[in-house]
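Colleague: Generate coordinates for the sequence data below:
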Amino acid sequence: MLRPVTCIMGRGRHRILCRVFATAEGYIVHLLGGTRPHVGAIALGLPRPSLKGTHVSSTASVLTLLGHKDDELARPAALSLAAALNAPVVVVAGVHVDDPGPGELLRLATNARRAVWVARQVLTRRPRNQEPSK
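Modeller: Residues are numbered from 1 along each chain as shown. As a prediction, this is how the structure comes out:
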């Protein structure tokens, strides 16, 4: 198995870690952060032919733990990565901060989106069987 791709965005309680593990069958993604990383939702993204052209699109199925909103991070990440990588992607997401102030949830979501975007850029530039350069 290849070494995981790790992207970190933000600092302190707004820090988000996106770690992507490549496997023979697809990808496993950890999208964790805040003050209490946890398992809040999982999303399975599957690539499929686009309904509006010749490119690859994706669909996702999501399971969310009761009382959590981490599906709002897991689903877009799974959709984006499955389409870009043309492979199944499982995202485990869990981001929590106690008593978030105005704008903090938006900052966390933005950091999550950015971390996934950077990981996607790294992964689409290297062949699946190639280790990242040191």
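
Colleague: how close does residue 2 get to residue 21?
Modeller: Applying CB to CB, to the nearest Å, the value for residue 2 to residue 21 is 8 Å. (Glycine included, C-beta is placed from N, CA and C.)

Colleague: do residue 51 as well
Modeller: From residue 51 to residue 21 the distance is 30 Å (CB to CB).

Colleague: more crowded one of these two?
Modeller: residue 21 (16 against 6; other CB atoms under 10 Å).

Colleague: Hmm, residue 81 and that one touching each other?
Modeller: No. Taking CB atoms under 8 Å as the definition, residue 21 is not a contact partner of residue 81, at 11.8 Å.

Colleague: Mind jotting down where the helices sit in the protein?
Modeller: 71-85, 104-125 (DSSP state H).

Colleague: Make CSV out of the ones you listed and add mean pLDDT.
Modeller: Shown next, in CSV, are those (pLDDT from 0 to 100):
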stretch, mean pLDDT
helix 71-85, 97
helix 104-125, 95
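
Colleague: Please identify the most buried of those helices.
Modeller: helix 71-85 (a mean of 23; mean count of other CB atoms under 10 Å).

Colleague: hmm, who's touching that helix?
Modeller: 18, 20, 26-27, 29, 31, 40-47, 55-60, 62, 64, 88-93, 95, 109, 112-113, 116-117, 119-120, 123-124 (CB atoms under 8 Å, 6 or more residues apart in numbering).

Colleague: Turn the buried ones among those into a named ChimeraX selection, would you?
Modeller: To isolate the buried members of these in ChimeraX, using 16 or more other CB atoms under 10 Å:
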select :18,20,26,27,29,31,40,41,42,43,44,45,46,47,58,60,62,64,88,89,90,91,92,93,95,109,112,113,116,117,119,120,123
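
Colleague: In strands, which of the contacts of helix 71-85 appear?
Modeller: 18, 20, 27, 29, 31, 41-47, 56-60, 62, 64, 89-93, 95 (DSSP state E).
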